[in-house]
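Colleague: Got a predicted structure plus its sequence, pasted below:
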Amino acid sequence: MSRFVPWSLWLAIVGTFLGIVLSGAVAEDGPGPALVYTAFVLAFATVGALVASRQPRNAIGWILLGASFAYTFGGLSEWLHGREGAGMTVLTWVGTWIWIAGMGPAVTFGLLLFPDGRLPSRRWRAVGWLAAVANGLLVAAIALAPGRLEDTAIENPLGLEAAPGLPDAMAIAGGIGMLVAFLCSIASLFARFRRARSVERQQLKWLTYTAALVGVALLLAAVIESLVGERAVNLTNLIVTLALAAVPIAMGIAILRHRLYDIDVVINRTLVYGALTATLATGYLVSVLLIGLAVGRSGLAVAVSTLAVAALFRPARTWIQAAVDRRFYRRRYDAAQTLEAFSARLRDELDLDALRGEIRSVVGDTVQPAHFSLWLRR
């Protein structure tokens, strides 16, 4: 029964969204947006179903399922815009506020309860109540706003015509409360990390890594829109949506502990190849510009710049890898340097007593064991 409910929800969510996609409603902007939005829904729904079916008492799985359901229901109501009937009025009205009802808990309780589905301590209950009340105020503000429903000709059936200022006041209070709850939820992750042990620290690293990806995506989207303008809105939406789709995947890896300790390798590779890409791209553009100014616009500048970047790839990668290891993985870097130096001395060492002391010192510096024993065959 515990597995049946989440996977039934998953089937309903994914089936509905794929039906919307196949109808052509999402594919009007091309296949790219359709694929990205489908990946977004699949990530939230699949990870939510996996966590909810394996750890039904962990609220994270149900929160992710709720977010994917809200996103899909909003897409369904938008797809059915323009159709008539009392049922369509109710569907459109629900579609205007359900997205905040699903996404609000994901950005507050999803962080506050990560990774075990429980609060860090009882002192954080106030943040949970604040998030719930703020989310409720935002939903009520949208649901009770008088006038026409957004992007439709339908009048809000529950609009407060007698008190038009009340929904605005609830929206302001709910927005402020949601912002405070979101910041406190982030603070709860730092509180967890300070007292966490090895496993929980790795879990928090996965979430931190994807949060950094979302931050980079938002920064990149802002830069693109400032340079290109509103023409790039669709592109920036795709970039941010794809980055957000990585968050539930990281949560699933962390909660289910699948390849949990690979996060250090992932972070290392991201830092190295991100810096390498930025370095080579900058070098290529600068060399094309300088050579173009020297010899004029021709294919020579592009050819020379391409060859230079190809030649710089390996030494640049080696230098950046060493810099990242020195800065972010100092213990591992020091251990590698110690082993390299020991290997060089080992070739010339003949005294067994000196070798025994050398091995003890190297093992103590690199592995730092609680106990060390050495047997030498006579």
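Modeller: Thanks, I have it.
Colleague: Give the full set of residues in contact with I100.
Modeller: 70, 135, 138-139, 142 (CB atoms under 8 Å, 6 or more residues apart in numbering). C-beta coordinates here come from the backbone N, C-alpha and C atoms, glycine included.
Colleague: Output the below-cut-off pLDDT ranges for the stretch 251-378 of the chain.
Modeller: Counting by pLDDT under 70, the ranges of the stretch 251-378 of the chain that qualify are 294-300, 328-372, 374-378.
Colleague: coming back round to it: the contacts of I100 in helices, which ones?
Modeller: Using DSSP state H, the members of the contacts of I100 that fall in helices are 70, 135, 138-139, 142.
Colleague: which one of the residues you listed is nearest R257?
Modeller: A70 (27.7 Å; CB to CB).
Colleague: Quick check: nearest residue in space to that closest one, chain neighbours excluded?
Modeller: Among residues not flanking A70 along the chain, G102 sits closest, at 2.3 Å (CB to CB, 6 or more residues apart in numbering).
Colleague: I'd say the one you found and L64 touch.
Modeller: No - assessed by CB atoms under 8 Å, G102 is found out of contact with L64, at 9.6 Å.
Colleague: These two: which is more packed in?
Modeller: Using other CB atoms under 10 Å as the criterion, G102 and L64 rank with L64 on top: 29 against 23.
Colleague: mind checking which helix or strand the closest residue in space to that one that isn't next to it in sequence is in?
Modeller: Leaving aside its sequence neighbours, L64 sits nearest to G48 (CB to CB, 6+ apart; 3.2 Å). Here G48 sits within helix 31-54, counting by DSSP states H and E.
Colleague: Let me see the backbone angles for R148.
Modeller: With angles defined as degrees, to the nearest 10, R148 sits at phi -80, psi 150.
Colleague: residue contacts, it?
Modeller: 154-156.
Colleague: which of the residues you listed has the most neighbours?
Modeller: N156 (22 neighbours).
Colleague: Next, the contact list for it, please.
Modeller: 93, 143-149.
Colleague: burial of G229, as a residue count?
Modeller: By the criterion of other CB under 10 Å, G229 has 9 neighbours.
Colleague: Ramachandran coordinates for it?
Modeller: The phi/psi pair for G229 (degrees, to the nearest 10) is phi 100, psi -160.
Colleague: Return the residues in contact with it.
Modeller: With CB under 8 Å, 6+ apart, G229 has no contacts at all.
Colleague: distance of it from L235?
Modeller: Computed with CB to CB, to the nearest Å, the distance linking G229 and L235 is 11 Å.
Colleague: F190 now?
Modeller: 33 Å.
Colleague: The two: which is more packed in?
Modeller: With neighbours defined as other CB under 10 Å, F190 and L235 compare such that L235 has more, 15 against 11.
Colleague: mind listing what that one touches?
Modeller: Applying CB under 8 Å, 6+ apart to L235 gives the contacts I224.
Colleague: Tell me if I am right that it is in a strand.
Modeller: No - counting by DSSP: H, G, I helix; E, B strand; the rest coil, L235 is not found in a strand; it is helix.
Colleague: Alright, calling it a day.
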